[in-house]
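Participant: With the sequence up front, the predicted model follows.
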Amino acid sequence: MPTTVARKKDFLSVLDFDAADLENCLALAAQVKADRSLGRHAPTADALDGRHVALLFDKPSLRTRTTFEIAVRELGGHIVPLQPDVALGCREPVADVARNLERWVDGVVIRTFSQKVLQEFAASARRLHVVNALTDEEHPCQAIADFLTLRERLGLGTLRGRTIAYVGDGNNVATSLVHAAAMLGVHVHVASPESYQLPHSVVQQATSVARHGARLRLFNEAIDAVAGVDAVYTDTWTSMGQEAEADVRRRVFAPFQVNEDVMAAAGPGALFMHCLPAHRGEEVTSDVFESDVSVVFDQAENRLHGQKALLLMLLATTVA
Ligand code: CP
Ligand code: NVA
């Protein structure tokens, strides 16, 4: 079991970690995954003893909420499930919510709209560890699970120099994927319609944290982006909060569907990845989703192990 001490206050972005933190998190996640069968005898079973973690979700969730609840419990901590009627920033200022919570709990896991609101929350409470459970801009916990899955499927220690393709909206999931890939030395090809590409700021960030020659390349066609890659990743065309744009997006993104032709262009060894929830017949066909190369439920399982590692790194003082 790697030894770790709380070094970071928050995890609002993959960029809050350096490459060593991210590698450490993935190694720790693999270890807690292996130890899970030990139950109460796992070395981390009491790591969050006496700690309280609040969950505040302004958007729907299956995977993130469930896996954080289980993660805190299996580490011996206590969950405080806050109701959406807290209404971050509506009933009272964001900073006041943060300054209340820091008097009661040690950490808060937040899913909300604006990354700026999350940053304001975290900056307002010096003693509180804050975790981004998805904003409009980033989904960093998803990226931990994604690279844990790739590490397992592609073999330990072999991520450096690998290439993944992301096909679709240059959104929160794509941003965190690209941040983590750059740090881990993984090349990324992104294919998106014009006007839905990764923000330029994200391209710059990825370039500035890239290690081991990791390259980010942007494409206009899915077929060109996927040639020879190790995995093809996609996400919904309409993220939470964008429902009014769904019809337009369905039309614009139609040429970016991950289907059998796209997977054939990627090559026989390529994995299919999706953060879920998936919309069969839109961003992915049912055939690809259900195929042998689909690792989407491994990704979902690994949300639990990745977030356990993250909570240990932020909230446990030592892990023996
Ligand atoms: N992938 C993901 O974050 O799923 P939920 O929206 O269900 O939490
Ligand atoms: N991009 C999606 C991810 C859902 C997990 C959204 O923000 O709705």
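Facilitator: The structure has been received and is ready for your questions. Ligands and ions are numbered 1, 2, ... in the order given.
Participant: Quick check, residue 289 in contact with residue 278.
Facilitator: Yes: under the criterion of CB atoms under 8 Å, residue 289 makes contact with residue 278 at 5.9 Å. No exception for glycine: its C-beta is placed from N, CA and C like everyone else's.
Participant: any residues in contact with both of the two?
Facilitator: residue 296 (CB atoms under 8 Å, 6 or more residues apart in numbering).
Participant: Show me which residues of the helix or strand where residue 265 lies are buried.
Facilitator: For residue 265, the host element (DSSP states H and E) is helix 260-266. For helix 260-266, burial by neighbour count (16 or more other CB atoms under 10 Å) applies to 262, 263, 265, 266.
Participant: okay if I get these as TSV plus distance to ligand 2?
Facilitator: Shown next, in TSV, are the buried residues of helix 260-266 (distance: CB to the nearest ligand atom, whole Å):
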residue	distance to ligand 2
262	19
263	21
265	24
266	22
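Participant: Would you mind listing what in the protein touches ligand 2?
Facilitator: Neighbours of ligand 2 within the chain, by CB under 6 Å from any ligand atom: 134, 171, 172, 173, 235, 236, 239, 240, 275.
Participant: Counting neighbours, what do you get for residue 248?
Facilitator: For residue 248, the count of nearby residues is 12 (other CB atoms under 10 Å).
Participant: In a helix, residue 80, correct?
Facilitator: No: under DSSP: H, G, I helix; E, B strand; the rest coil, residue 80 falls outside any helix and is assigned strand.
Participant: hang on, it packs against residue 54?
Facilitator: Yes: at 4.1 Å, residue 80 counts as touching residue 54 under the criterion of CB under 8 Å.
Participant: Run through the chain and note the low-pLDDT ranges.
Facilitator: Residues of the chain meeting the criterion pLDDT under 70: 1-6, 317-320.
Participant: switch the cut-off to 50
Facilitator: For the chain, the stretches flagged by pLDDT under 50 are 1-3, 319-320.
Participant: Tell me the spatial nearest neighbour of residue 35, not counting adjacent residues.
Facilitator: Excluding its sequence neighbours, the residue lying closest to residue 35 (CB to CB, 6 or more residues apart in numbering) is residue 42, at 4.3 Å.
Participant: any idea how far residue 66 is from that neighbour?
Facilitator: 19 Å (CB to CB, to the nearest Å).
Participant: And these two? Which one has more around it.
Facilitator: Taking neighbours as other CB under 10 Å, residue 42 and residue 66 compare with residue 42 leading, 20 against 13.
Participant: buried stuff in the longest helix along the chain?
Facilitator: Assignment by DSSP state H gives helix 296-315 as the longest helix of the chain. Counting neighbours by 16+ other CB under 10 Å, one finds that the buried residues in helix 296-315 are 296, 298-315.
Participant: helices or strands up against that helix?
Facilitator: Packed against helix 296-315, as judged by 3 or more CB pairs under 8 Å, 6 or more residues apart in numbering; DSSP states H and E, are the following elements: helix 19-35, helix 63-74, strand 107-111, strand 129-132, helix 140-154, strand 271-274.
Participant: and that helix, anywhere near ligand 1?
Facilitator: No: using CB under 6 Å from any ligand atom, helix 296-315 stays clear of ligand 1, coming no nearer than 7.0 Å.
Participant: what angle sits between that helix and helix 140-154?
Facilitator: 120 degrees (axes from the mean of the first three to the mean of the last three CA atoms, to 10 degrees).
Participant: For the helix or strand hosting residue 119, name the packing helices and strands.
Facilitator: Taking DSSP H and E as the definition, one finds residue 119 inside helix 115-124. Counting contacts by 3+ CB pairs under 8 Å, 6+ apart, helix 115-124 is packed against helix 94-101, strand 107-111, strand 129-132.
Participant: Mind putting these into a markdown table with mean neighbour count and distance to residue 37?
Facilitator: Below are the helices and strands packed on helix 115-124 laid out as a markdown table (neighbours: other CB atoms under 10 Å; distance: least, CB to CB, whole Å):
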| stretch | mean neighbour count | distance to residue 37 |
| --- | --- | --- |
| helix 94-101 | 18 | 34 |
| strand 107-111 | 25 | 25 |
| strand 129-132 | 26 | 26 |
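Participant: Please identify which of those is closest to residue 11.
Facilitator: Checking the helices and strands packed on helix 115-124 against residue 11 by CB to CB gives strand 129-132 as the closest, at 5.0 Å.
Participant: Surely residue 277 is within a strand?
Facilitator: No: with three-state DSSP as the criterion, residue 277 is assigned coil and is not in a strand.
Participant: For the stretch 51-200 of the chain, which residues are neighbours of ligand 1?
Facilitator: Checking the stretch 51-200 of the chain against ligand 1 by CB under 6 Å from any ligand atom, the hits are 61, 62, 63, 64, 134, 142.
Participant: I'd say the fifth one and residue 56 touch.
Facilitator: The one in question is residue 134. No: using CB under 8 Å, residue 134 makes no contact with residue 56, being 11.8 Å away.
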